[in-house]
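Engineer: Compute the structure for the input listed below.
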Amino acid sequence: MTEPQGVQAFHQLELDAGRFLIQRCGGCGKHVYFPRELCPHCGGSALEWALPQGSGTVYAVTTVRRKPADGGDLNVSLIDLDEGVRLMSRVDNLPADQVRIGQRVKARVQVKDGRGLVLFDAVGAAS
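Structural biologist: Okay, the predicted model is just below:
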């Protein structure tokens, strides 16, 4: 069996190993996320992998209502990383109804059943 190939497969393999990486364009210097073959800002192909600081701000949030038996409510959040990229994830260390726009957060990778996922924790919140 061959290993998955391409930037998205590499990205997932890194997440599965507990590492969160984003790309940075060597042409225009801007960061890129979700992984791509070409820079969406300048069209350049000189994208390199970079370890982000992981700090960011909640840009938008919504609550997905679920039955307690299904794990209860969870938030779906758009997070602006300080590097200038936006991604969809969730703030994991607060109840869904306590996540707020403008809240500072920090990224971490959760690996469950061998699959890595980027989650965020509110900075300064009690876990």
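Engineer: Give the burial count for P40, as a bare number.
Structural biologist: Look at P40: counted by other C-beta atoms under 10 Å, it has 11 neighbours. No exception for glycine: its C-beta is placed from N, CA and C like everyone else's.
Engineer: three-state assignment of it?
Structural biologist: With DSSP: H, G, I helix; E, B strand; the rest coil as the basis, the three-state label of P40 is coil.
Engineer: Which residue is the nearest non-sequential neighbour of it?
Structural biologist: V32 (6.5 Å; C-beta to C-beta, 6 or more residues apart in numbering).
Engineer: buried ones in stretch 31-43?
Structural biologist: Of all the residues in stretch 31-43, those buried under the rule 16 or more other C-beta atoms under 10 Å are H31, V32, Y33, P35, C39.
Engineer: ugh, wrong one, stretch 108-117
Structural biologist: Using 16+ other C-beta under 10 Å as the burial criterion, the residues of stretch 108-117 that qualify are V109, G116, L117.
Engineer: These into TSV, with extra columns for distance to L13 and pLDDT?
Structural biologist: What follows is these, written out as TSV (distance: C-beta to C-beta, whole Å; pLDDT from 0 to 100):
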residue	distance to L13	pLDDT
V109	12	98
G116	9	97
L117	13	96
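Engineer: thinking again about what came up before, now tabulate the buried residues of stretch 31-43 in JSON lines and tack on pLDDT and secondary structure.
Structural biologist: Converted to JSON lines, these look like this (pLDDT from 0 to 100; DSSP: H, G, I helix; E, B strand; the rest coil):
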{"residue": "H31", "pLDDT": "97", "secondary structure": "strand"}
{"residue": "V32", "pLDDT": "97", "secondary structure": "strand"}
{"residue": "Y33", "pLDDT": "96", "secondary structure": "coil"}
{"residue": "P35", "pLDDT": "95", "secondary structure": "coil"}
{"residue": "C39", "pLDDT": "97", "secondary structure": "coil"}
